[in-house]
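**Q** Build me a structure from this.
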Amino acid sequence: MPPASEAKPVKRSKLAKPSALQVRSLWQQYKRTGDRAARDRLIFALTPMVRHIVRRTVRALPPSCDLEDFLSAGIEALIQTIERYDPGKGASLEQYAWTRVQGAVIDELRRHDWAPRSLRRDERAINNARTAFASEHERQPDRRELAARLGMTAEELRRRLDQVALAEVGSLNALIQSDEGGAIERIDMLPSADRDADPEIMAERGAAKERFRAAFAQLGEQQREVAVLLYARGLNLREAGERLGVSESRICQVHTQLRSRLYEKLSGEAQLFAEIG
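**A** Model prediction:
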């Protein structure tokens with residue numbers, strides 16, 4: 001007999017799907033005894049069916065939805081099915097559970113969809129008409145052809161298509177493929193109206209400010225002092241004159257000179273002056 005260290009591992013067989021007879025037996029045991037453990041075994045045995053129904057019904061899950069929400073709704077419907085099942089009505093427990101679980105999953109899907117059912121019916125009608133036209137003519141219909149097939153005007157079709165487009169609400173945190181091949185959140189791909197978030201604009205602004213500093217350094221000492229008092233410390237002409245011991249008119253004259261020199265050295269930088277005040 002080989003030592004324990006050389007013994008071959010025993011392969012674990014997968015749990016077999018319970019037969020209809022086994023399911024019926026578990027249900028009868030639960031109804032007869034009220035044993036919660038029997039009910040839990042029954043739920044465990046039928047959970048794969050719930051998962052199958054969820055995957056089959058919710059083929060394209062909206063980004064804002066969580067698959068667990070649909071599984072929870074299905075399990076809850078399964079538990080209610082076990083409690084309410086009546087074998088005297090002819091259907092098997094699995095058949096009854098399938099109908100109830102699928103209905104619960106569809107209801108949960110509708111709960112996540114804010115669009116009215118009438119809009120979804122129109123969406124299906126439009127898609128069916130487009131498919132039928134393409135099958136007959138081997139090309140996609142234009143707006144007028146599609147509208148005629150649906151018995152509406154092109155303008156009515158346009159409005160309905162706009163409503164359908166607005167109904168497709170997605171999550172800004174949904175992952176999409178970037179140009180580099182990685183996955184990033186959708187919100188990171190949206191254009192920003194914030195100019196401070198644009199790297200190109202920030203680089204141009206930084207270079208312009210460097211040019212301003214170089215031009216400012218070429219001003220006379222008194223001109224730089226006046227500029228600091230007026231723009232950095234927020235003093236008015238009179239207050240700046242008192243600080244430097246000169247008249248208000250002299251400060252006004254120096255201020256005009258320094259602005260003239262800066263505009264001369266920084267021609268074409270009007271946007272920069274607007275930004276620095």
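
**Q** Pull the contacting residues for A215.
**A** 261-262, 265-266 (CB atoms under 8 Å, 6 or more residues apart in numbering). Backbone N, C-alpha and C define where each C-beta goes, glycine included.

**Q** change it to 6 Å
**A** Contacts were defined as CB atoms under 6 Å, 6 or more residues apart in numbering; by that measure A215 touches 262, 265-266.

**Q** looking at these, which has the most residues close by?
**A** Across the contacts of A215, the neighbour count under other CB atoms under 10 Å reaches its highest value at L262, namely 20 neighbours.

**Q** Pull out the buried residues from stretch 50-58.
**A** Within stretch 50-58, the residues scored as buried using 16 or more other CB atoms under 10 Å are 50, 53-54, 57-58.

**Q** And the contacts of it?
**A** Here stretch 50-58 makes contact (CB under 6 Å, 6+ apart) with 70-71, 74-75, 78, 101-102, 105.

**Q** got these as JSON lines, with secondary structure and distance to K89 columns?
**A** Formatted as JSON lines, these follow (DSSP: H, G, I helix; E, B strand; the rest coil; distance: CB to CB, whole Å):
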{"residue": "F70", "secondary structure": "helix", "distance to K89": "27"}
{"residue": "L71", "secondary structure": "helix", "distance to K89": "27"}
{"residue": "G74", "secondary structure": "helix", "distance to K89": "22"}
{"residue": "I75", "secondary structure": "helix", "distance to K89": "23"}
{"residue": "L78", "secondary structure": "helix", "distance to K89": "18"}
{"residue": "V101", "secondary structure": "helix", "distance to K89": "17"}
{"residue": "Q102", "secondary structure": "helix", "distance to K89": "18"}
{"residue": "V105", "secondary structure": "helix", "distance to K89": "22"}
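
**Q** Now pLDDT and distance to E225 too, for those residues, in CSV please.
**A** Output for these, formatted as CSV (pLDDT from 0 to 100; distance: CB to CB, whole Å):
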residue, pLDDT, distance to E225
F70, 85, 71
L71, 87, 73
G74, 90, 77
I75, 92, 77
L78, 92, 82
V101, 91, 81
Q102, 89, 81
V105, 86, 76
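
**Q** Most neighbours among the residues you listed, which one?
**A** Within the contacts of stretch 50-58, G74 tops the neighbour count with 27 neighbours, counted by other CB under 10 Å.

**Q** contacting residues around that one?
**A** 50, 54, 101, 104-105.

**Q** if you skip the residues just before and after it, what's nearest to it?
**A** Beyond its immediate neighbours in the sequence, the residue positioned closest to G74 (CB to CB, 6 or more residues apart in numbering) is V50, lying 4.1 Å away.

**Q** Let's verify that neighbour: helix, strand, or coil?
**A** Under DSSP: H, G, I helix; E, B strand; the rest coil, V50 falls in the helix class.

**Q** Tell me the confidence at it?
**A** At V50, the predicted lDDT confidence score is 91.

**Q** about what we covered before: which of the contacts of A215 lies closest to K89?
**A** Using CB to CB, the shortest approach to K89 within the contacts of A215 belongs to L266, at 88.4 Å.

**Q** Can you tell me how far that closest one is from I201?
**A** 18 Å (CB to CB, to the nearest Å).

**Q** now do S92
**A** When S92 is compared with I201 (using CB to CB), they lie 68 Å apart.
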